[in-house]
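let me see the structure of the following:
(one chain, ligands or ions: 1)
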Amino acid sequence: MGLGKRKLVFKNETVESAVLEASVADWYPHMLKALKEISRGIRSRITLKKPLRRRYYDENYKMSLRQWLIRHQKEIVFDKVTWMGMPVWKNILDAWIYQEIIYEIKPDVIIEIGSRYGGSTLYLANLLDLLDKGIVISIDKDRSVYHLEHDRVKVLTGSSSDPAIISEVDRLCKGKSALVIQDGAHHKEQVLEDLENYSKFVGINSYFIVEDGIVDLFHPGDGLGFDQDGPLKATEAFLRRHSDFICDKSRERYLLTYNPGGFLKRISKKEAGQ
Ligand SMILES: C[S@@+](CC[C@H](N)C(=O)[O-])C[C@H]1O[C@@H](n2cnc3c(N)ncnc32)[C@H](O)[C@@H]1O
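The predicted structure is shown next:
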């Protein structure tokens, strides 16, 4: 079949028909090749309309909350979170919630169990600076990397279970309302012991915040899991025994918390027999 000279027009792309006076069998492969080239051209124009930057965000937005938490744990929390230049091992969405709680309850004392570098301690002290009231009691058994000096911070060095430490906290908290943040050891027994020893300092409407219950919701090996019972198991056991505390889920509203089940609010005085 004779075709004569033709121009093929496809979405504003023009190609010369590859053959003259050829049979279908002759021109068909050329036609296919030409169509493929055109479609490649169209694809590359689509790519240009969607720049690299946009594709980067599209990929990120496909991430699940679970994937975000693992990525945060593996790549961010231990060396890329700082407060005023000092390392802080926190999810900043939790740190923001602490700020909201501290502003609302205006505690006389914040007891921090586990300070590490002191970045989180400075954060708490600076929030109290803004309120112009209160002290932070920093309890840690290891001061080798802690270098903070701040007028509002009382440093107690030793185990949170040490009776001498607890009695010093008792002295400092006399007649005062405290907020407690437990970020020391994370295995269930120690968390429960800290809850039992320090919950008595928490004022009504104030909180005992237990950090890192998230480890109980992941599995060992997936980057966030623990190979034993952790903080969440401890808070569950504590709440079964203490009706003067409730778990305040509203403090988990940003979803991406490291402290699931960990915002324990004191709602009443301790009942006799508890
Ligand atoms: C996770 S780090 C604290 C991180 C810090 N709160 C922050 O946000 O940057 C845990 C700290 O708790 C301390 N620690 C662990 N068990 C403890 C205990 N039973 N008593 C006192 N300190 C403890 C460790 O020495 C360590 O410095």
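
for this structure, which residue gets nearest to the ligand?
Distances between the chain and the ligand by Cβ to the nearest ligand atom are smallest at residue 114, namely 2.9 Å. Using the backbone N, CA and C atoms, a C-beta is placed for each residue, glycine as well.

next one: that residue from residue 40, what distance?
According to Cβ to Cβ, to the nearest Å, residue 114 and residue 40 sit 58 Å apart.

repeat that for residue 169.
Remark: distance between residue 169 and residue 40 (Cβ to Cβ) = 71 Å.

higher neighbour count, those two?
residue 169 (23 against 10; other Cβ atoms under 10 Å).

flag every buried residue along the host helix or strand of the more buried one.
Using DSSP states H and E, residue 169 sits within helix 163-172. Residues 165, 166, 168, 169, 172 are the ones in helix 163-172 that count as buried (16 or more other Cβ atoms under 10 Å).

would it count as contacting the ligand?
No: judged by Cβ under 6 Å from any ligand atom, helix 163-172 stays clear of the ligand, getting no closer than 8.0 Å.

pLDDT wise, what is the closest residue to residue 228 other than its chain neighbours at?
Spatial nearest neighbour of residue 228, excluding adjacent residues (Cβ to Cβ, 6 or more residues apart in numbering): residue 187 at 5.6 Å. pLDDT for residue 187: 97.

thought residue 187 was touching residue 229?
Yes: using Cβ atoms under 8 Å, residue 187 is in contact with residue 229, at 7.0 Å.

only alpha carbons, please: show stretch 54-69 as CSV.
The C-alpha coordinates for stretch 54-69 follow below in CSV (Å, rounded to 0.1, in the frame of the first residue of the first chain):
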residue,chain,number,x,y,z
ARG,A,54,7.7,18.7,45.2
ARG,A,55,8.6,15.1,44.7
TYR,A,56,10.7,15.1,47.9
TYR,A,57,7.7,16.4,49.9
ASP,A,58,5.3,14.0,48.2
GLU,A,59,7.5,11.1,49.3
ASN,A,60,7.7,12.4,52.9
TYR,A,61,4.0,12.8,53.2
LYS,A,62,3.5,9.1,52.4
MET,A,63,5.3,8.3,55.6
SER,A,64,3.2,6.7,58.4
LEU,A,65,3.3,8.1,62.0
ARG,A,66,5.0,4.8,62.9
GLN,A,67,7.7,5.3,60.3
TRP,A,68,8.1,8.9,61.4
LEU,A,69,8.7,7.9,65.0
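
what mean pLDDT does that stretch have?
For stretch 54-69, the per-residue pLDDT averages 92.

start the count at 20 instead of 1 going forward.
Yep, numbering from 20; the last one is stretch 73-88 now.

determine how far that stretch lies from the middle of the whole chain.
Put simply, stretch 73-88 sits 15 Å off its chain's centre (Cα atoms, centre = their mean, to the nearest Å).

give the buried residues for it.
Judged by neighbour count (16+ other Cβ under 10 Å), stretch 73-88 contains these buried residues: residue 88.

in the stretch 120-269 of the chain, where is pLDDT below threshold?
Counting by pLDDT under 70, not a single residue of the stretch 120-269 of the chain qualifies.

that older thread, how many other residues sit next to the residue of the chain closest to the ligand?
22.

that one contacts residue 158, correct?
Yes: taking contacts as Cβ under 8 Å, residue 133 lies within contact range of residue 158: 7.4 Å.

now do the shared contacts for those two.
Counting by Cβ atoms under 8 Å, 6 or more residues apart in numbering, the shared contacts of residue 133 and residue 158 are 179, 203.

how far away from the center of its chain is the very next helix or strand once past the helix holding residue 188?
Next helix or strand after helix 182-191 toward the C-terminus (DSSP H and E): strand 197-201. Averaging C-alpha positions (Cα atoms, centre = their mean) puts strand 197-201 19 Å from its chain's average.

contact partners of stretch 235-249?
88-89, 92-93, 205-207, 210, 231-234, 250-252, 279.

stretch 250-257 now?
Defining contact as Cβ under 8 Å, 6+ apart, one finds that stretch 250-257 is touched by 201, 205, 207-208, 210-211, 214-215, 218, 229-236, 264, 266, 278-281, 283.

6 Å instead?
For stretch 250-257, the external contacting residues (Cβ atoms under 6 Å, 6 or more residues apart in numbering) are 205, 207, 210, 211, 214, 229, 231, 232, 235, 280.
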